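Peer 1: could you work out the structure for the sequence below:
(2 chains)
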Amino acid sequence: DAKTTQPTSMDCAEGRAANLPCNHSTISGNEYVYWYRQIHSQGPQYIIHGLKNNETNEMASLIITEDRKSSTLILPHATLRDTAVYYCIVRVAGRSSNTGKLIFGQGTTLQVKP
Amino acid sequence: NAGVTQTPKFQVLKTGQSMTLQCAQDMNHEYMSWYRQDPGMGLRLIHYSVGAGITDQGEVPNGYNVSRSTTEDFPLRLLSAAPSQTSVYFCASSYSQGLSSPLHFGNGTRLTVT
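Peer 2: Model (predicted):
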């Protein structure tokens, strides 16, 4: 079962910041939080990931709470092309402690509106 | 950079037929995996491999076989296709099996079993 909880859908005005929340209350100490998005029926696109510190790249910022039980993906200036399904995923340790599987949940459908 | 290449893009099978979905990556990635995506179900892990000669089951392995004879290739075999296997299949790879290594996805194979 997926270890994350996300809202089913969200709207955002074009040019504004989109803040997508995610709860992962059962995350373990060595498990990373990943964000992907999927546009139409294309393959999921990697956005960003983090362990405990906030992260930023050219696409987005990731804010992780101090207790690591939740996080927020921030798209600073959303465009129409950012309309997609966004998945928050905890990479699960496998049989060896450093083997990671990505278990996808249902994701959040972000609709960016003009 | 080709990245992760999946073939074919589309396939129609009749119940009971067999086929192999091909996946190749040119990034010298150690970790490879197969997912299926069904409406309302998100992505579900079928099988994964942490290196040549090593494979393991994911969430929904029944009806599928995999092998990993080379680093580059990770084919998914359907020995006797069933209508329940109608889905979109995604292959993904990452540099290492470590939890901090992002997965990169192909663009999918759309399979219909009649």
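Peer 1: which helix or strand in chain B has the lowest average pLDDT?
Peer 2: Across the helices and strands of chain B, mean pLDDT, DSSP states H and E gives its lowest value to strand B:42-51, namely a mean of 89.
Peer 1: that one vs chain A: in contact?
Peer 2: Yes: contact of strand B:42-51 with chain A (CB under 8 Å from any CB of the partner chain) involves B:42-45, B:48, B:50. Any C-beta I mention is one placed from the backbone N, CA and C, and that applies to glycine too.
Peer 1: and those, which of them are buried?
Peer 2: Neighbour-count burial within the residues of strand B:42-51 next to chain A applies to B:42-45, B:48, B:50; the criterion is 16 or more other CB atoms under 10 Å in any protein chain shown.
Peer 1: please verify my assumption that B:S93 contacts B:V4.
Peer 2: Yes: using CB atoms under 8 Å, B:S93 makes contact with B:V4 at a distance of 5.6 Å.
Peer 1: pass me the low-pLDDT residue ranges in chain A, would you?
Peer 2: Filtered on pLDDT under 70, chain A yields the residue ranges A:1-2, A:93-101.
Peer 1: show me where it has its strands.
Peer 2: Applying DSSP state E to chain A gives strands spanning A:9-13, A:18-23, A:33-38, A:45-50, A:55-56, A:61-64, A:70-75, A:84-93, A:100-102, A:108-113.
Peer 1: sorry, back to before: any common contacting residues for B:S93 and B:V4?
Peer 2: Contact criterion CB atoms under 8 Å, 6 or more residues apart in numbering or on different chains; residues shared by B:S93 and B:V4: B:25, B:27, B:104.
Peer 1: which positions in chain B make contact with chain A?
Peer 2: Contact residues, chain B versus chain A (CB under 8 Å from any CB): B:4, B:31, B:33, B:35, B:40, B:42-45, B:48, B:50, B:56, B:58-59, B:88, B:90, B:92, B:94, B:97-108, B:110.
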